[in-house]
Structures are given as structure tokens and as C-alpha cells.
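Asks: sequence below, structure please.
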Amino acid sequence: MIRLKYGFLFELVRNNTYDEIRTFSCIDLLLNFAKTKVGITMSDLSPKMTETEFDNGYWYANELRAFAKDLQIPSAFKLRKDELEKAIKYFLRTGKVKNLIKRSLKKVGEKDIDKGLSLSLKIVHYTNNKQTKEFIVAEAKKIVPNLREKPGVRYRLNRWREEQITSGKKISYGDLVRKYIELSQSEKPFSRIGSCQ
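Replies: Numbering: from 1, shown residues only. The predicted model follows:
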């Protein structure tokens with residue numbers, strides 16, 4: 001399957017004819033590799049494609065959003081890439097559009113960051129920005145000074161936070177910091193994330 005590291009090549013092949021591409025240095029080697037090893041296909045997103053065809057392609061988030069909008073998937077422009085893929089695959093499998101997202105897409109009220117972040121503050125209106133990330137890391141390093149962030153921790157931390165809130169649990173930034181430490185110290189390798197395989 002084509003995934004992120006081959007995205008540049010996919011775009012090159014997709015947006016140019018073979019004669020235009022030949023002007024790039026070493027492109028013959030790249031094209032041969034792409035066709036034989038990576039399995040680049042030139043198909044477009046279509047409501048008639050199979051789930052397997054969808055899984056075997058690499059789709060940019062903007063392509064998925066436009067396709068989801070065409071399929072009339074609710075709130076397509078507010079969904080993350082993994083959520084778009086899940087909704088589109090459901091449509092390709094069943095022919096039906098369904099809102100599979102359980103998290104709230106609308107946030108009202110004062111942002112947590114404007115209240116002043118603290119370990120005891122309950123998460124109500126989380127802002128995923130540099131200041132919040134720095135707060136989490138700084139507080140974690142107060143507990144575990146030599147803590148190193150493992151690749152994939154932030155993605156999993158955000159999904160954990162969303163799951164807790166969606167299930168009705170009231171969690172604090174202290175809980176988030178403890179989960180960040182737990183994920184960063186985990187010896188077990190993370191499972192692969194669907195859209196990055």
C-alpha cells in the first residue's frame with residue numbers, strides 16, 4: 001500500500017504525463033519502483049470502488065473531504081483523516097451514509113487554555129496547540145525528568161482523551177499528563193495506525 005513516505009511520488013505520477021515526468025532526474029528508476037514495489041494505481045475516488053481498492057490507494061485529506069462531501073457524509077469538513085476513511089469505507093461496504101463520529105464537533109464556551117492550564121483543571125474545551133503541548137510535556141518532566149516522547153504518543157493521547165470525554169468521563173489535565181507519561185514509557189510497540197500503514 002502507498003502511504004505517507006511515497007506521497008510525493010504519487011503526486012508526481014498523478015499530475016504529469018510520462019513524457020513530462022521523464023525530465024526529472026532518475027525518474028525511470030522511481031517509476032519502475034513505484035509500479036513494481038509500491039503498487040501505485042491511478043484510480044480516482046469513486047462510489048463504485050470496492051473497499052479493497054480504497055485501502056490500496058493513498059488519499060490526501062483534502063481528496064477525502066471532497067469525496068465525503070459528494071457522498072453527503074455529515075460534517076465532512078470537520079472530520080480528521082482517519083474519521084473520513086472510516087465513514088467512506090462504511091459507505092463503500094454498505095452503500096449507506098452514516099454518522100460514525102461520537103465526539104462533539106461543536107465546542108462552545110471559554111477555552112481551557114484561556115482559564116489557565118493546571119493539573120486540576122477539568123478538560124472541557126481542549127485546544128491542541130503549542131502552549132498546551134508544552135504544558136503537558138513540562139508537567140510530565142516534573143514527574144519523570146528524563147522522559148522522552150515516543151513516536152505516535154500525541155496521536156494516541158488525543159484519541160484517548162476523546163474516548164474518555166465521549167464516554168462521559170470527567171478527566172483533568174493531570175490525568176492527561178499521567179497518560180502521556182504512561183504512553184511515552186511504554187515498552188510495547190504501538191500498533192500501526194490505519195491511515196499510515
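
Asks: buried sites along stretch 178-192?
Replies: 178-181, 183-184 (16 or more other C-beta atoms under 10 Å). Glycine gets a C-beta too; all of them are placed from N, C-alpha and C.

Asks: select from those every entry located in helices.
Replies: 178-181, 183-184 (DSSP state H).

Asks: would a markdown table of those residues with pLDDT be doable?
Replies: Below are those laid out as a markdown table (pLDDT from 0 to 100):
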| residue | pLDDT |
| --- | --- |
| 178 | 97 |
| 179 | 96 |
| 180 | 95 |
| 181 | 96 |
| 183 | 94 |
| 184 | 93 |
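
Asks: mind listing the helices for the chain?
Replies: According to DSSP H, the helices that the chain contains are 7-15, 18-21, 27-33, 51-55, 61-70, 81-94, 112-115, 130-143, 153-166, 173-185.

Asks: next, the buried residues of the fourth one.
Replies: Just to be clear, that refers to helix 51-55. For helix 51-55, the neighbour count (16+ other C-beta under 10 Å) marks residue 54 as buried.

Asks: what helices or strands is that helix leaning on?
Replies: helix 81-94 (3 or more C-beta pairs under 8 Å, 6 or more residues apart in numbering; DSSP states H and E).

Asks: if we can go back for a sec, for the buried residues of stretch 178-192, name the two members farthest from one another.
Replies: Across those, the longest distance by C-beta to C-beta is 10.8 Å; it joins 178 and 184.

Asks: circling back to that earlier point, would JSON lines of the ones in helices among the buried residues of stretch 178-192 with distance to residue 121 be doable?
Replies: Converted to JSON lines, those look like this (distance: C-beta to C-beta, whole Å):
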{"residue": "178", "distance to residue 121": "14"}
{"residue": "179", "distance to residue 121": "15"}
{"residue": "180", "distance to residue 121": "15"}
{"residue": "181", "distance to residue 121": "18"}
{"residue": "183", "distance to residue 121": "20"}
{"residue": "184", "distance to residue 121": "21"}
